[in-house]
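**Student:** whatever this is, show me its structure:
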Amino acid sequence: MPRNVLILLWCSFFLLTMPGVAAAADLEILPRPLIVTGAESIRNVKYLPAWRYSGDPGPRRDYELVLDLHLPAGPRERRPLIMYVHGGGYSAGHKDEGYQAELLKILVDAGFAVGSLNYPLNHRGIFPQVWWDFEEAARFLRVNADKYGLDPNAFGAVGISAGGWVITTSGHADGRTFTRGVNQYAALESLDPKTLAEAKPREGEQSFLRPTLAQTTAYPGVSGRWQALAYDFAMCTDRANGFSPAILQFVGTNRTTPAPELTAAGVDWTPAILTNSFWTRGVHAPKLTRNGHEGERSITRTLDGKGETQLADVIRDWFRRELTGPNARAPVPEIWPAARLVNGPVEVSIVVPDPTSVVRYTLDGSDPGPSATRYTKPFTVEPGTRVRAFAELAGRRPSRVAEAKFVSAPSLAHITAPLERNLPPAQTGKPYSVRFTANVTDARWNMQGDLWLEPKATTVPSGLKLDDSGVLSGTPTTPGIYWVQIWVNQRPGQVATHRDYRLVVTGTATTTKPANEMAAADDHQQIATLRGWPDEDLKLLRERLLAAKLRPVLQDAGGKNLMLLVPASETQAARAVLAQLMRERPKTTPAELTR
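**Tutor:** As a prediction, this is how the structure comes out:
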């Protein structure tokens, strides 16, 4: 993530500006639990491995790594699950906001088990871990499916704003895509096959390419795929593939056809067409029900196109169709290992949620069919092999075809020490040092996790830094348990590898800054859509806003358009700066102001 406002200006954060996302008045108090009437609620379930947790339930620590389940009353049967994933620009929002409450009730009344998921927020290094964690949540819930009465073959999710980015980046991940951050990606096919690096590498954090698909899991042999996703914003649609879930996308009346890349990949795409004129130019955090003074903004065409209803009902009906009705598919298989870059023979296993599924596969890149080899146990393939597989399950249509091509590649830089999960313990007020080593002499190092060094990262044992030689050192000031993620590569723009560690810092805090302090939730609001502005005018607008001590964010709005957002307290001043520039350059600065 960026380290200063100038870079932040150019990051495409999707900031959820709805009543449920408000700045915390008391930073030590968690939000009130969300009430889903008529449901049995199980709250604050830890869905990640134990080493990710700090023992601190504060809003910026373990609270970000838990989920709630709301189950229909009565016996715990095998019910389809719908998980809600909140928005907030990866820096705000939470599972207990009120925005989704009516939707969750409608789903519970229809017989679905529903959940609401928290995920790690900035300001710390969370990419790509935030996407990997979404997969881990699915695995955790499948492991505990009998306990909670869930159908492991029927998992869907709703993502709003940044939540849509979380679920779609994960949903389209298949081993071919690498990330430089929140919204910068590189495809495997674009890399130099000799170095596995970009021809024009970036600098700093963006010079480390990290896989969008998790390479390891705390739940081996358990599927992490979600089969159906509903959302308003998406990412990585150009990487759509056989792994991709069925999609319900919230759109306006002028966006009723899927992106060409989704069509080319054969993704099952359905539009939820909001008919109110407010949404004709795209959708951001739409109203879900008719309730409230803006309820008309929820009006949506029915799935058959013959009538209108509220968006929440369309979401319910679509999940019924995709997860439980005759249209439902068997879950797509996962092909392991998820790392597709190999330098020798590799053992392949294929994972599905239900052991009664029949999985068939080919090794020559051809379409698997009823006569293809049936999967019964792991098998070994050589580099260059293209594995394709699908699953059949009684009562469902066959799954879409998953594919994994294992590419012959040179060995990547990787960490050789320390290999233990627990780093040597540290104590506040005392110098600390630990050295990481790699299999190459010219290794380049990067650190993420709880030790991400941002001005707002108030829960880190500040004073610890990772230098260019791979030494983590300093004098920690804050006791606690910390997740440390160390990355290494050999050259700028090269695919990187990582290891996860746990650091225990004992002692008494040596700083007056509260360890549990939560950075106030972002309250940015959109004030305008800038339509096709040239770079020189965007640069001038940025300079003037920053000179006025404002904190702008520019967000992609499709095509050559950008949304301009500023904190709520700065909207009037920002509008004045924008209006002045538009008067000066009327021919090049078209904008649509937001009321």
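**Student:** okay, which residue is most central for the protein?
**Tutor:** residue 166 (2.2 Å; Cα atoms, centre = their mean).
**Student:** can you map out the helices along this protein?
**Tutor:** According to DSSP state H, the chain carries its helices in the segments 5-8, 101-109, 129-143, 145-148, 162-172, 260-264, 311-319, 535-547, 571-584.
**Student:** adding mean pLDDT, write these out as TSV.
**Tutor:** Shown next, in TSV, are the helices of the chain (pLDDT from 0 to 100):
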stretch	mean pLDDT
helix 5-8	29
helix 101-109	97
helix 129-143	97
helix 145-148	97
helix 162-172	95
helix 260-264	91
helix 311-319	98
helix 535-547	84
helix 571-584	89
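**Student:** burial-wise, tell me which of those comes out on top.
**Tutor:** Neighbour counts (mean count of other Cβ atoms under 10 Å) averaged over each of the helices of the chain peak at helix 162-172, with a mean of 28. Quick note: C-beta positions are derived from backbone N, CA and C, even for glycine.
**Student:** and the angle from it to helix 129-143?
**Tutor:** Computed by axes from the mean of the first three to the mean of the last three Cα atoms, to 10 degrees, the angle separating helix 162-172 from helix 129-143 equals 70 degrees.
**Student:** relative to the whole chain's centre, how far out is helix 162-172?
**Tutor:** For helix 162-172, the distance from its own C-alpha centre to the chain's C-alpha centre is 5 Å (Cα atoms, centre = their mean, to the nearest Å).
**Student:** and it, what does it pack onto?
**Tutor:** Here helix 162-172 touches strand 79-85, helix 129-143, strand 150-159, strand 228-231, going by 3 or more Cβ pairs under 8 Å, 6 or more residues apart in numbering; DSSP states H and E.
**Student:** how near is the closest residue in space to residue 273 that isn't next to it in sequence to residue 310?
**Tutor:** In this structure, residue 273 finds its nearest non-sequential neighbour in residue 301, 4.4 Å apart by Cβ to Cβ, 6 or more residues apart in numbering. The span separating residue 301 from residue 310 equals 11 Å under the rule Cβ to Cβ, to the nearest Å.
**Student:** the two: which is more packed in?
**Tutor:** Neighbour totals were compared for residue 301 and residue 310, and residue 310 leads with 22 against 18 (other Cβ atoms under 10 Å).
**Student:** how about that one: what's its closest non-neighbour residue?
**Tutor:** residue 298 (4.5 Å).
**Student:** ok, the one you found touching residue 287?
**Tutor:** Yes - at 4.0 Å, residue 298 counts as touching residue 287 under the criterion of Cβ atoms under 8 Å.
**Student:** okay if I get the helices and strands packed on helix 162-172 as a markdown table plus distance to residue 331?
**Tutor:** As requested, those are exported to a markdown table (distance: least, Cβ to Cβ, whole Å):
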| stretch | distance to residue 331 |
| --- | --- |
| strand 79-85 | 12 |
| helix 129-143 | 10 |
| strand 150-159 | 6 |
| strand 228-231 | 10 |
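**Student:** minimum distance to residue 174: which of these has it?
**Tutor:** When the helices and strands packed on helix 162-172 are compared by Cβ to Cβ, helix 129-143 sits nearest residue 174, at 12.0 Å.
**Student:** below-threshold pLDDT in the stretch 101-250 of the chain: ranges please.
**Tutor:** 123-124, 182 (pLDDT under 70).
**Student:** ok, 80 please
**Tutor:** Residue ranges of the stretch 101-250 of the chain with pLDDT under 80: 122-125, 181-183, 201.
**Student:** just to check, the residue nearest to residue 273 is in contact with residue 307?
**Tutor:** Yes - contact criterion Cβ under 8 Å: residue 301 and residue 307 qualify, at 7.4 Å.
**Student:** how close does residue 268 sit to residue 326?
**Tutor:** 14 Å.
**Student:** the two: which has the busier surroundings?
**Tutor:** Comparing residue 268 with residue 326 by neighbour count (other Cβ under 10 Å), the higher total belongs to residue 268, at 17 against 8.
**Student:** circling back to that earlier point, so which of the helices and strands packed on helix 162-172 is nearest residue 441?
**Tutor:** Closest approach to residue 441 among the helices and strands packed on helix 162-172 (Cβ to Cβ): helix 129-143, 28.2 Å.
**Student:** check which helices and strands the closest one sits against.
**Tutor:** strand 79-85, strand 113-117, strand 150-159, helix 162-172.
**Student:** hmm, 10 Å instead?
**Tutor:** Helices and strands touching helix 129-143, by 3 or more Cβ pairs under 10 Å, 6 or more residues apart in numbering; DSSP states H and E, are strand 39-46, strand 66-72, strand 79-85, strand 113-117, strand 150-159, helix 162-172, strand 208-211.
**Student:** tell me the angle the longest one makes with strand 113-117.
**Tutor:** Using the same axes, to 10 degrees, the inter-axis angle of helix 162-172 relative to strand 113-117 is 110 degrees.
**Student:** and helix 162-172, C-alpha only, in PDB?
**Tutor:** Presented in PDB, the C-alpha positions along helix 162-172 are these (Å, rounded to 0.1, in the frame of the first residue of the first chain):
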ATOM      1  CA  ALA A 162     -13.900  -3.300  -1.600                       C
ATOM      2  CA  GLY A 163     -15.700  -6.400  -0.600                       C
ATOM      3  CA  GLY A 164     -16.500  -7.000  -4.300                       C
ATOM      4  CA  TRP A 165     -12.800  -6.600  -5.000                       C
ATOM      5  CA  VAL A 166     -11.900  -9.200  -2.300                       C
ATOM      6  CA  ILE A 167     -14.300 -11.800  -3.600                       C
ATOM      7  CA  THR A 168     -13.600 -11.400  -7.300                       C
ATOM      8  CA  THR A 169      -9.800 -11.100  -7.100                       C
ATOM      9  CA  SER A 170      -9.900 -14.400  -5.100                       C
ATOM     10  CA  GLY A 171     -12.600 -15.800  -7.400                       C
ATOM     11  CA  HIS A 172     -10.600 -15.300 -10.600                       C
END
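**Student:** quick one on the thing from earlier: near the residue nearest to residue 310, how many residues? Count them for me, please.
**Tutor:** 24.
**Student:** do residue 118 as well
**Tutor:** Residue 118 has 23 neighbours, counted by other Cβ under 10 Å.
**Student:** distance of it relative to residue 489?
**Tutor:** With Cβ to Cβ as the criterion, residue 118 and residue 489 are 31 Å apart.
**Student:** cool, residue 304 as well?
**Tutor:** Counting by Cβ to Cβ - residue 304 and residue 489 are separated by 51 Å.
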